[in-house]
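# Sequence below, structure please.
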Amino acid sequence: MSEYAISVNNVSKMYKLYDKPMDRLKESLGFSREKKYHEHYALNDVSFTIKKGETLGIIGTNGAGKSTILKIITGVLSQTDGEVLVNGRISALLELGAGFNMEYSGLENVYLNGTMLGYSHEEIDGKLEAILAFADIGEFINQPVKTYSSGMFVRLAFAVAINIDPDILIVDEALSVGDVFFQAKCYRKFEEFKKMGRTLLFVSHDLGSVNKYCDRAILLNKGEKLAEGIPKEMIDLYKKVLVNQEGETQSEYIKEKETKAKDVKEIKAKKLKKPFLLNPNVSEYGTKAVEIKDFTLLDSDKIATNTIEKFTEFSIKIQAQFNETVQEVIYAYTIKDLKGTDLTGTNTMYEKVDIEPLAAGETQEITFKQRMNLQGGEYLLSLGCTGYRNGEFEVHHRLYDICNISVVSTQDTVGYFDMDSDITVENC
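Take a look at the predicted model:
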């Protein structure tokens, strides 16, 4: 019997892209011998294996081919070239709605999915109680799923996928739809699944979960496998890929930041790299006598990223422009949880850093460097510039929840902060 649950061998997926619909029609009818399309490879010669009982994560940017490879493994798509071998019964939670009939009730869809996976009506009866308890959607189980919220939908879909006793579970980002408490319940189920010696394959942008739950990770980029290895190394490489996508290599980035140029104003005017999403609905206000023009986050390797490993140093860098001559300027940052509760932060006044006032049109770059002691999870960053003018407090510029910070951790403690305890045990 093979030790591998999944074997992917030189798999490629090519799509024909046509400039005009008429070109597709002409080719399909045989009216043109000239090639009317150009080839786009969603996957290009990708190979990897997953051992039985292993948990593998696949990471990469949007368009890297992550969902495509999962669909080929589950049989939703057919590959253009290559071979996929699966040894065991697969249960998959892919796109929201996949495998469900919107006109059927939740209960009818449970039986439909179970039947598609090869279970008899009697076998599904035996698993029904566990499925309904896990989904916890109450009376809605008898309503058409087209009336469900996205959260209810993913509850039912995951409850079916995890409780039908599969050999291999495949999950594609679907858990991001559920609430925090349901996600916690799902991850506990992952732990049980692993202890039972089952195989788990999942795609996620939650790098903390990949680091915590996966034995290995694969990094895809533009349809090609860049590397595979332990999750932390792949996450570090992924952050470098994000920097490269901004048109700058890691070495070039560090070199630029470490070089002391003669023209300081020119260096300050350079746009800071932000290879991460910004909040499109950021809340901002203030007089803008001093305006925050740019910012970024840097990890301990001076790579621009909003994914920070716990217990490492990171920096928040702010570029501000003086639109008026202002005395007594204060720069600040705040980190909040997703509910909006202030967890930590500081400012230049607390830190007893004097800010030199500049003339209108000049810029400053302020760097807050600190150690990340927050637990693994998602947080929100806010930036601010305030001060005093003629003895009166004034808000120059505030940016609330400008971006998220993802903290990657392999071990968490109670609460928001880790006290970094050193424990000794002595027998008396």
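
# average model confidence for stretch 307-325?
Averaging pLDDT along stretch 307-325 gives 95.

# likewise stretch 152-163?
In this model, stretch 152-163 has an average pLDDT of 83.

# Would you mark the buried spots in it?
In terms of neighbour count (16 or more other CB atoms under 10 Å), stretch 152-163 has its buried residues at Met152, Phe153, Val154, Arg155, Leu156, Ala157, Phe158, Ala159, Val160, Ala161, Ile162, Asn163. Where you see a C-beta, it was placed from the backbone N, CA and C, and this is true even at glycine.

# Next, find the distance separating the fifth one from Cys214.
For Leu156, the distance to Cys214 under the criterion CB to CB, to the nearest Å works out to 26 Å.

# How far off centre is stretch 373-382?
Distance of stretch 373-382 from its chain centroid, counting by CA atoms, centre = their mean, to the nearest Å, is 14 Å.

# now do the same end-to-end measure for it.
Counting by CA to CA, to the nearest Å, you get 18 Å between the two ends of stretch 373-382.

# Then stretch 106-125?
In terms of CA to CA, the two terminal residues of stretch 106-125 are separated by 14 Å.

# can you give me the helices in the stretch 51-200 of the chain?
Here the stretch 51-200 of the chain has its helices, by DSSP state H, counting those that start in this stretch, at 66-74, 106-116, 121-135, 150-163, 180-195.

# With distance to Gly361 added, can I get the ones you listed in a markdown table?
Formatted as a markdown table, the entries for these read as follows, by distance: least, CB to CB, whole Å:
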| stretch | distance to Gly361 |
| --- | --- |
| helix 66-74 | 46 |
| helix 106-116 | 62 |
| helix 121-135 | 60 |
| helix 150-163 | 48 |
| helix 180-195 | 46 |
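
# out of those, nearest to Asn347?
With distances scored as CB to CB, the stretch of the helices of the stretch 51-200 of the chain nearest to Asn347 is helix 180-195 (29.8 Å).

# returning to what we had before: pick the one among the buried residues of stretch 152-163 closest to Leu107.
For these, with Leu107 as the reference and CB to CB as the criterion, the closest is Leu156, at 9.4 Å.

# And for Glu356, the neighbour number?
Residues near Glu356, counting by other CB atoms under 10 Å, number 7.

# wait, is it part of a helix?
No. Following the definition DSSP: H, G, I helix; E, B strand; the rest coil, Glu356 is coil and is not counted among the residues of a helix.

# Now the most centrally placed residue in the chain. Its backbone dihedrals?
Compute the mean C-alpha point of the chain, and by CA atoms, centre = their mean the closest residue is His205, 2.1 Å away. Listed backbone geometry of His205 is phi -90, psi -10, with angles given as degrees, to the nearest 10.

# Look at it and report its pLDDT.
Reading off the confidence values, His205 has pLDDT 78.

# now do Tyr416
Checking the pLDDT column for Tyr416, the value is 87.

# Next: Lys146.
Taken from the predicted model, the pLDDT recorded for Lys146 is 88.

# Repeat that for Glu192.
Here, the pLDDT recorded for Glu192 equals 84.

# quick one: it from Tyr333, how far?
In this view, Glu192 and Tyr333 are 39 Å apart by CB to CB.

# what do you get for Ile73?
In terms of CB to CB, Ile73 sits 43 Å off from Tyr333.

# Paired strands for the biggest strand by length in the chain, with orientation please.
Scanning the chain for the strand with the most residues, using DSSP state E, yields strand 392-408. For strand 392-408, the pairing partners within the sheet under DSSP bridges are strand 283-285 (antiparallel), strand 307-309 (parallel), strand 377-389 (antiparallel).

# If anything else comes up later, I'll come back, but that's it for now.
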